[in-house]
Every structure is written in structure tokens, then in C-alpha cells.
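Chemist: Need coordinates for the below:
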Amino acid sequence: MSLSNQKEIRQVISIAAANSDYPIIMQWTGGRAGGHHFYKNFHQPILATYRSIREDSNIILVGGSGFGSADDIWEYLTGDWSSACNLCHLTVSCSRAAL
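Modeler: The predicted structure is shown next:
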């Protein structure tokens, strides 16, 4: 599921909770995806929902498209991006680059 806002993230969390034996791949596109997502903030919806996402072990969080290089992706895989918000490392499970 490729998502673009906090409401959609919460809908997927509900689906995952109701189907805990089934893996759910949640691709967060937010503001990095370009096209119809370009104007939306990438960080804020994930910051608001990250704890809930990680409480469901069957959710695989994919940092969405719009990344152009390994350097762009790395801070999301390591969680370094969230240190700018004075938070601990909030990592994605994997990432998708649009190279």
C-alpha cells in the first residue's frame, strides 16, 4: 500500500492489527514521491504515527519513492533523519529508490 497522509497510515495500522498473522508492506511516499504527492510533508505524518506502526510487528515500513541515490536513502535506513527532530533513530525497514 502506497500512502500519502496520516489518515491512510492509520487505516493500514488498523488493517495490520486485524490481520496480525499476515505481513503488510506499507510504502510511505509522502512529500518525496513527486507527482501528486510532491506538496505533502514526508516527515510529520511518520513522526506522528511511527510508534503505532512499529507496535505491529507485521508491518514492513518502506521509505517510498523519490529518492535519487543511495546517499538519499541511507539516513532513513539508519534512522539518522530523525535526529534533526531531536528524536532517537526512527528507521524504515527498507527503501525504494527512483533512480
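
Chemist: which residue packs closest to the most centrally placed residue in the chain, ignoring adjacent ones?
Modeler: Per C-alpha atoms, centre = their mean, the C-alpha nearest to the average position across the chain is that of Trp28, at 3.9 Å. Leaving out its chain neighbours, the residue that sits closest to Trp28 by C-beta to C-beta, 6 or more residues apart in numbering is Gly64, at 5.1 Å. Where C-beta positions appear, they are placed from N, C-alpha and C, glycine not excepted.

Chemist: what packs against the host helix or strand of the one you found?
Modeler: For Gly64, the host element (DSSP states H and E) is strand 59-67. In terms of contacts (3 or more C-beta pairs under 8 Å, 6 or more residues apart in numbering; DSSP states H and E), strand 59-67 is packed against helix 6-18, strand 24-28, helix 43-55, helix 70-78, strand 94-97.

Chemist: and that strand, what's its mean pLDDT?
Modeler: Taken as a whole, strand 59-67 has a mean pLDDT of 79.

Chemist: Partner strands of that strand, with direction?
Modeler: strand 24-28 (parallel), strand 94-97 (parallel) (DSSP bridges).

Chemist: picking up where we left off before, any idea how far Ser57 is from the residue nearest to Trp28?
Modeler: Going from Gly64 to Ser57 by C-beta to C-beta, to the nearest Å gives 21 Å.

Chemist: So between the two, which is more surrounded?
Modeler: In terms of neighbours (other C-beta atoms under 10 Å), Gly64 is the more surrounded of Gly64 and Ser57; the figures are 26 against 9.

Chemist: so the more buried one touches Gln27, yeah?
Modeler: Yes. Under the criterion of C-beta atoms under 8 Å, Gly64 makes contact with Gln27 at 5.0 Å.

Chemist: Excluding sequence neighbours, find me the nearest residue to Asn19.
Modeler: What sits nearest to Asn19 in space, not counting adjacent residues and going by C-beta to C-beta, 6+ apart, is Asn58, at 7.3 Å.
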